[in-house]
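J.: all I have is the shape, not the residue letters:
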């Protein structure tokens with residue numbers, strides 16, 4: 001693992017590998033990218049918090065600190081990657097089509 005990752009990014013990496021121990025190749029690379037983004041988001045949050053979450057705009061107006069926006073974008077990108085790697089409910093979650101088949105079987109009395 002890269003030394004630059006935050007502790008929570010390292011924890012995230014291990015948690016995903018616990019759920020998907022077979023990850024390799026492009027999926028493993030995607031996980032690494034998601035963890036790097038999560039780590040960057042944490043660091044950007046620290047910058048924004050240190051500045052009181054506000055900054056001065058180009059005309060001197062008060063604006064939300066740019067690090068707030070960048071952190072949110074990094075978290076959103078990381079979440080999108082993670083959603084593809086570990087579906088909601090974990091690796092054993094049923095897909096929508098599986099749920100639909102089960103509902104049809106229950107409705108029409110067909111056996112599984």
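T.: Arrived safely. Note that the structure is predicted; figures quoted are calculated from it, not measured.
J.: every contact and neighbour count from this point should use C-alpha atoms.
T.: Fine.
J.: show me where this structure has its helices.
T.: 7-19, 25-50, 66-85, 96-108 (DSSP state H).
J.: distance of the residue lying closest to residue 65 once chain neighbours are set aside from residue 60?
T.: Take residue 65 and drop its neighbours on the chain: the residue closest to it by CA to CA, 6 or more residues apart in numbering is residue 54, 4.4 Å away. Applying CA to CA, to the nearest Å, the value for residue 54 to residue 60 is 12 Å.
J.: and these two? Which one has more around it.
T.: For residue 54 and residue 60, the more surrounded residue by other CA atoms under 10 Å is residue 54, and the numbers stand at 16 against 8.
J.: ok, that one touching residue 63?
T.: Yes: with contact defined as CA atoms under 8 Å, residue 54 and residue 63 form a contacting pair (5.6 Å).
J.: pull the residues that contact stretch 20-35.
T.: Identification of contacts with stretch 20-35 by CA atoms under 8 Å, 6 or more residues apart in numbering yields 5, 9-10, 12-13, 16-17, 77-79, 81-82, 85-86, 91.
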